[in-house]
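>>> The following comprises the amino acid sequence and a computationally predicted model.
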Amino acid sequence: MSIQNKINIAVIGATGYTGLDLILMLSKHSKVRIKSLCASKNFGKKIQFFDKRIKKKLPKISSIKKIDWDNLDLVFLSLPNGEAQKIIRFYYKKNSKLKFIDLSADFRINNAKTYEKVYGLKHNAKSLIKNSLYSIPEFSKNEIKNFRIISNPGCYPTSIQIPLIPLIKKNLINHHDITIDSKSGYSGAGKYLEKKFTHKNLYSSTFAYSTKKHRHIFETEQELLKYTKKKVDFTFNPHLLPTFRGILSSIYIKSRKGISANFLRNFLAKYYKKSKFIKILKINTPIGSGNVLNTNNCEISVCETRVKNKFVIFSAIDNLVKGASGQAIQNMNIIYKFPEGLGLR
């Protein structure tokens, strides 16, 4: 870190949806100097060509070959799965002080064989997996200082783990037969959406997909086991919505005998009392993603159903912010002991 208490950073994968949101927030962060913005093409273009929301004068788009690696403290990688691991593997030993925050799935899965099976990609940095930390800051802030590679969680898993982990850990709900129904704006599929989804009326319809083997199931299962020490049985049903950003996860659970929805709500409110970005609403509050768009907040509403001891927990985040770039900056702030909310709206 420099004398002025600012850190030098680079963003690799600058022109995707997540990269642009990341740069927008970092450009307003008082403790950051953006030294390089990198992509695989469009070299020499200003970042404003891709996003007019960004007002600050910043370095033009360049190749990673142009990065002055010795002059960096931290690198954000917002790349397709399989690409970040190659870069991290090459530069991890070259600069022993350099830290990495990876927004892809490359270090989310602790078992390399599972990663290769789930993503259909060879893992080229297996030896570094043990040196990485999967980090939802609300759970990992005490560990994060011990790692140089931070794996930023997936957007769906973030919305799911924040309400579930405290309740399962405290044994307040049945950890079998949980149903998770999540709906996301189409930005979650990236700029090449039309190659991934070819269903009719893509931008004006709701679409259900990957109910059995969605990639995010595996990191969710891994982290639930890590924090609760319980094998959690759940189904996960994702849907694509004809809206640009935002996630609403509906989590159907059964409480332990005699535990009310109000008790669950109050427990979560107490658990997250000191968490800046977690907002626990009053019981039975109607909820959507509207309040959390363009914020790093997660709003949670515990609601009763017509069946005794069966409740639905609604969890809303912005998939590009708390589900990606905002959480990455929150992780950065904790690493460098900046105020946790610095640069985050």
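Noted; the coordinates are in hand. Numbers count the residues shown, from 1 in each chain.
>>> tally of neighbours for N146?
8 (other Cβ atoms under 10 Å). Every C-beta, even on glycine, is put in place using the N, C-alpha and C of the backbone.
>>> How about D102?
By other Cβ under 10 Å, neighbour count at D102 equals 25.
>>> Pull up the gap between it and S210, please.
Using Cβ to Cβ, to the nearest Å, D102 is found at 22 Å from S210.
>>> Tell me what C298 is bridged to.
I278 (DSSP bridges).
>>> Would you enumerate the residues in contact with it?
By Cβ atoms under 8 Å, 6 or more residues apart in numbering, the residues touching C298 are 158-159, 162, 277-279, 292, 315-317, 322.
>>> With F311 instead?
252-255, 261, 264, 302-305.
>>> can you pick the most crowded of those residues?
V302 (29 neighbours).
>>> quick one: what helix or strand has N237 in it?
Under the criterion of DSSP states H and E, N237 resides in strand 234-241.
>>> likewise I334?
Using DSSP H and E, I334 falls in helix 326-335.
>>> From I7, how far off is F338?
From F338 to I7 the distance is 9 Å (Cβ to Cβ).
>>> Give the residues shared as contacts by these two.
What both F338 and I7 touch, as defined by Cβ under 8 Å, 6+ apart, is the set 31, 332.
>>> where exactly do the strands run in this structure?
Taking DSSP state E as the criterion, the chain contains strands spanning 7-12, 32-38, 61-62, 74-77, 99-102, 132-134, 149-151, 178-185, 207-208, 234-241, 247-254, 278-280, 298-304, 310-317.
>>> by contact count, what packs against the first one?
Meaning strand 7-12. Under the contact definition 3 or more Cβ pairs under 8 Å, 6 or more residues apart in numbering; DSSP states H and E, strand 7-12 sits against helix 17-26, strand 32-38, strand 74-77.
>>> Output the ones you listed as CSV; include the columns mean neighbour count and distance to K273.
Converted to CSV, these look like this (neighbours: other Cβ atoms under 10 Å; distance: least, Cβ to Cβ, whole Å):
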stretch, mean neighbour count, distance to K273
helix 17-26, 24, 25
strand 32-38, 21, 29
strand 74-77, 26, 30
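>>> Out of those, the one nearest L167 is which?
Ranking the helices and strands packed on strand 7-12 by proximity to L167 (Cβ to Cβ) places helix 17-26 first, at 29.1 Å.
>>> How far off centre is the closest one?
Relative to its parent chain, helix 17-26 has a centroid offset of 13 Å by Cα atoms, centre = their mean, to the nearest Å.
>>> Put the alpha carbons of that helix into CSV.
Only the C-alpha atoms of helix 17-26 are listed here, as CSV (Å, rounded to 0.1, in the frame of the first residue of the first chain):
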residue,chain,number,x,y,z
TYR,A,17,-21.5,-6.2,-17.4
THR,A,18,-19.8,-7.0,-14.1
GLY,A,19,-16.5,-5.4,-15.1
LEU,A,20,-18.3,-2.1,-15.9
ASP,A,21,-20.2,-2.0,-12.7
LEU,A,22,-17.0,-2.8,-10.9
ILE,A,23,-15.1,0.1,-12.6
LEU,A,24,-18.0,2.5,-12.0
MET,A,25,-17.8,1.9,-8.2
LEU,A,26,-14.0,1.8,-8.1
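>>> Quick one: mean pLDDT for that helix?
Averaging pLDDT along helix 17-26 gives 97.
>>> Which strands or helices does that helix pack on?
Going by 3+ Cβ pairs under 8 Å, 6+ apart, helix 17-26 lies up against strand 7-12, strand 32-38, helix 326-335.
>>> May I have the last one exported as CSV, CA atoms only?
The C-alpha atoms that make up helix 326-335 are tabulated as CSV, following Å, rounded to 0.1, in the frame of the first residue of the first chain:
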residue,chain,number,x,y,z
GLY,A,326,-20.2,-4.8,-5.0
GLN,A,327,-19.3,-7.9,-3.0
ALA,A,328,-15.8,-7.9,-4.6
ILE,A,329,-15.3,-4.3,-3.4
GLN,A,330,-16.7,-5.2,0.0
ASN,A,331,-14.1,-8.0,0.2
MET,A,332,-11.4,-5.5,-0.9
ASN,A,333,-12.4,-3.0,1.8
ILE,A,334,-12.1,-5.7,4.5
ILE,A,335,-8.7,-6.9,3.3
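>>> Domain-wise, how is the protein divided?
Following automatic domain parsing, the chain resolves into domains at 7-153+323-335, 156-319.
>>> Give me the pLDDT value at the nearest residue to D70 once chain neighbours are set aside.
Nearest non-adjacent residue to D70, counting by Cβ to Cβ, 6 or more residues apart in numbering: N95, 6.2 Å away. Looking at N95, its pLDDT is 87.
>>> mind listing what N95 touches?
69-70, 72.
>>> ditto for L72
By Cβ under 8 Å, 6+ apart, the neighbours of L72 are 8-10, 35-36, 95, 98.
>>> okay, the helices and strands packed on helix 17-26 in CSV with distance to S204 and mean pLDDT next?
Formatted as CSV, these follow (distance: least, Cβ to Cβ, whole Å; pLDDT from 0 to 100):
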stretch, distance to S204, mean pLDDT
strand 7-12, 33, 98
strand 32-38, 34, 98
helix 326-335, 28, 98
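>>> Out of the contacts of N95, which comes closest to R108?
The closest of the contacts of N95, once distances to R108 are taken by Cβ to Cβ, is L72, at 23.2 Å.
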